[in-house]
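1. Return a 3D structure for these sequence lines:
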Amino acid sequence: MAKLLNTVFLYLLLLILSLCYLRMDVVGLDPKMKTASPKTAQTTSESSGVLVSRILHDLLNESRYDKTLRPSFGGPPLIIESNVNIRSMGPISETANIYQFDCYFRQMWTDSRLAFLERYNYNKTLSVSISTLRLIWKPDTYFFNGRKSYIHDITTPNKLLRIEPDGRILYSMRLTIQAGCPMNLAHFPLDTQRCPLEFGSFAYSSNDVIYHWKLPSDVSECPVKRAKDMQMSQFDLIRIETYNTTQPLTTGLTRGLTSSKLRINFYLKRHLGFYLLDMYVPCNLLVFMSFVSFFLDKEASAGRVALGVTTVMTLTMLGFVGRSGIAVNAGITALDWFVIMCFCFVGLAMVEYAGVSFSEHAGPGGVGGEWEKASKERADYYAPLVFQEDVQAILEESELGDLIANHRDSPQQENFLTLQPITHERKVHRSWFGRVFTAVSSSKYESSNGLHNATYKGRNIISADDAKHFRYDNRLDTVSRYLFPLCFIISNIFYWFLYVNQSTAAYEDAILNKDISVDSQRSCY
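-> Residues are numbered from 1 along each chain as shown. Presented below is the predicted three-dimensional model:
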């Protein structure tokens, strides 16, 4: 009896162990490791994928889901929230009045027909293929002032689709947007431009679709963000403004309705460094180079004319280069006014030389008048001129001539030979042009017979120190040496003060004066 009981007990024990082993094998547990096997994880993953496929198949069944009708059709308008993440910006063209940037454009809305939490008791977000987009309704968003925008499709279309358990949908795509930017170039290159971007529904009115900005969790942040490392070659992005606006519809059957739009204003301040090095500094140098002609002798007509013509031609070339990057119909810009100012000073420098040349031959009496007589007197005086150093060299190499013969016995012969100037006689002639002509008489020597003119073979003798008095200056040249640079410096100061202040005022007016009706506004710096 005892043996029978032991046998039954052993059979029962074996049966219990067998059942436990089978149980662990069913759930995928390794009896030795007591952990989930890869087979179990694979089975769970496959079952989850099957469940998601079943959910999508049921939700997108054409018998219960019509993608041609918006969510909540016939009910309140659908709210579409958007935000933008800018990755890069540029190029910006003044000739075509366009700008371009690369961004992630996101849209979010709720489609209750795609809610699956209560029906399937599945609370995870569905990350589905973008091929699902052709099976669901999505907003017909377009850019009102867009030009040539496109979606990136390398290596695959850069789109993203997420479906939340409550039916909320996230639709994101990477876009390169090229949009129109009406530019005011009156203050170019000291300008700040406001470039707008407007987008909304192409076909739906505000009764069906309303666009809102999707605010981040921190409401102080901006729905339009930019990359921290974003840089532009021409501009600095100094301010971003976002708006919720409505636009009246005035055509066809939509007359009297409104359309909901979102708008972004980008404030772009131009970099001035390139134009300083490429335009302003060269123009200033050219003008000051033209002022060098005031220090050249009036007889150097070839040099003065060549200098004036060269500066004018170079300034003309710089003026064309400065306008090559802007639209033909842009009007007169701040840079144009600066080039015109430089042209005026360079042109006046050439006119000044014309005045100097004219004053040599014309005066109150015209040709043959007082001034021409003064010029003839100067010519007569210069003709017999010889320098003291030349005379002494001649005396050392040749006979003394009449000069020594007449004063051989003079006790002041040594003083005579050194020709130290004792007195000077100065003549000043003036004309209606303000011309100054100064002549110094020849040096005199002192002898026992008094003062005598120092002559050698009938030629007046002066020392090298006296020779400088025979170089005379025109009053126009003398005044121009100081007047022209001073006036140009003052004009530069006035120019920069005027346009810097006007550019700042224009930027502030652009912020305060809106060209659209604004429902709500948010500013980002």
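
2. Please make it C-alpha for all contacts and neighbour counts, starting now.
-> Fine.

3. Surely Thr176 and Pro91 touch.
-> No. If you go by CA atoms under 8 Å, Thr176 and Pro91 don't touch, sitting 11.4 Å apart.

4. From what I see, Phe488 and Phe343 are in contact.
-> No. At 11.3 Å, Phe488 does not count as touching Phe343 under the criterion of CA under 8 Å.

5. and the host helix or strand of Leu486, average pLDDT?
-> Using DSSP states H and E, the element containing Leu486 is helix 475-512. The pLDDT scores in helix 475-512 average 90.

6. Packing partners of that helix?
-> If contacts are counted by 3 or more CA pairs under 8 Å, 6 or more residues apart in numbering; DSSP states H and E, helix 475-512 sits against strand 192-201, helix 334-359.

7. ok so, going back, looking at Phe488 and Phe343 now, which is surrounded by more residues?
-> Comparing Phe488 with Phe343 by other CA atoms under 10 Å, the one with more neighbours is Phe343, at 20 against 17.

8. State the pLDDT value of that one.
-> Reported pLDDT for Phe343: 92.

9. Repeat that for Phe295.
-> 87.

10. ditto for the one 5 residues further on
-> pLDDT, Ala300: 82.

11. Check the gap between it and Ser290 for me.
-> With distances taken as CA to CA, to the nearest Å, Ala300 is found 14 Å from Ser290.

12. With neighbour numbers in mind, choose between those two.
-> Ser290 (23 against 10).

13. Pretty sure that one sits against Met313.
-> No. The pair Ser290 and Met313 does not pass the contact test of CA under 8 Å, sitting 11.8 Å apart.

14. Tell me where the stretch 251-400 of the chain has strands.
-> 258-270, 386-387 (DSSP state E, counting those that start in this stretch).

15. Select from those the stretch with the lowest mean pLDDT.
-> strand 386-387 - the lowest mean pLDDT of the strands of the stretch 251-400 of the chain, at a mean of 47.

16. ok so, going back, export the helices and strands packed on helix 475-512 to a markdown table and tack on distance to Ser131?
-> Listed next are the helices and strands packed on helix 475-512 as a markdown table, based on distance: least, CA to CA, whole Å:
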| stretch | distance to Ser131 |
| --- | --- |
| strand 192-201 | 22 |
| helix 334-359 | 53 |
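
17. Between those, which one is closest to Cys524.
-> Closest to Cys524 of these is strand 192-201 (CA to CA; 13.9 Å).

18. next helix or strand past the closest one?
-> Trace forward from strand 192-201 with DSSP H and E and the next one is strand 209-213.

19. tell me what that following strand is packed against?
-> Applying 3+ CA pairs under 8 Å, 6+ apart, one finds that strand 209-213 contacts strand 78-93, strand 235-248, strand 258-270.

20. looking at those, which is closest to Phe338?
-> Minimum separation from Phe338 across the helices and strands packed on strand 209-213 (CA to CA) falls at strand 258-270, 17.4 Å.

21. who does that closest one pair up with?
-> strand 192-201 (antiparallel), strand 235-248 (antiparallel) (DSSP bridges).

22. That strand: which residues count as buried?
-> 258-270 (16 or more other CA atoms under 10 Å).

23. Distance to Tyr243 added to these, as JSON lines?
-> Below are those laid out as JSON lines (distance: CA to CA, whole Å):
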{"residue": "Thr258", "distance to Tyr243": "16"}
{"residue": "Ser259", "distance to Tyr243": "14"}
{"residue": "Ser260", "distance to Tyr243": "11"}
{"residue": "Lys261", "distance to Tyr243": "8"}
{"residue": "Leu262", "distance to Tyr243": "6"}
{"residue": "Arg263", "distance to Tyr243": "5"}
{"residue": "Ile264", "distance to Tyr243": "6"}
{"residue": "Asn265", "distance to Tyr243": "8"}
{"residue": "Phe266", "distance to Tyr243": "12"}
{"residue": "Tyr267", "distance to Tyr243": "14"}
{"residue": "Leu268", "distance to Tyr243": "18"}
{"residue": "Lys269", "distance to Tyr243": "21"}
{"residue": "Arg270", "distance to Tyr243": "24"}
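
24. tell me which of those is nearest to Ala354?
-> Arg270 (41.7 Å).

25. Starting from Lys148, give me the distance back to the closest residue to the closest one other than its chain neighbours.
-> Of all residues not flanking Arg270 in the chain, Phe235 sits nearest, at 4.3 Å (CA to CA, 6 or more residues apart in numbering). Separation of Phe235 from Lys148 (CA to CA) stands at 21 Å.

26. likewise Phe199?
-> For Phe199, the distance to Lys148 - CA to CA - is 14 Å.

27. Compare these two (neighbour count), which wins?
-> Phe199 (17 against 11).

28. show me what contacts that one?
-> Contact analysis of Phe199 by CA atoms under 8 Å, 6 or more residues apart in numbering lists 141-145, 261-263.

29. out of those residues, which one sits closest to Ser172?
-> Thr141 (12.4 Å).

30. Share the number of residues neighbouring that closest one, please.
-> 15.

31. Could you do the one 4 residues further on as well?
-> The local packing count at Asn145 equals 16, with neighbours defined by other CA under 10 Å.

32. My read is that it contacts Gly180, right?
-> Yes. Asn145 lies in contact with Gly180 (CA under 8 Å); the separation is 5.6 Å.

33. Now for the chain, the helix or strand with the poorest mean pLDDT.
-> Within the chain, confidence by mean pLDDT, DSSP states H and E is lowest for strand 436-440 among all helices and strands, at a mean of 37.

34. What does Thr110 show for phi and psi?
-> phi -110, psi 130 (degrees, to the nearest 10).

35. Among Thr176 and Pro91, which residue is more densely surrounded?
-> Thr176 (21 against 15).

36. list the contacts for the more buried one?
-> Thr176 makes contact with 100-103, 149-152, according to CA under 8 Å, 6+ apart.

37. quick check, it in a helix?
-> No. Thr176: not assigned to a helix; according to DSSP: H, G, I helix; E, B strand; the rest coil it is strand.

38. Name the SS class of the residue nearest to it when sequence neighbours are not counted, please.
-> Of all residues not flanking Thr176 in the chain, Asp102 sits nearest, at 4.4 Å (CA to CA, 6+ apart). Per three-state DSSP, the secondary structure class of Asp102 is strand.
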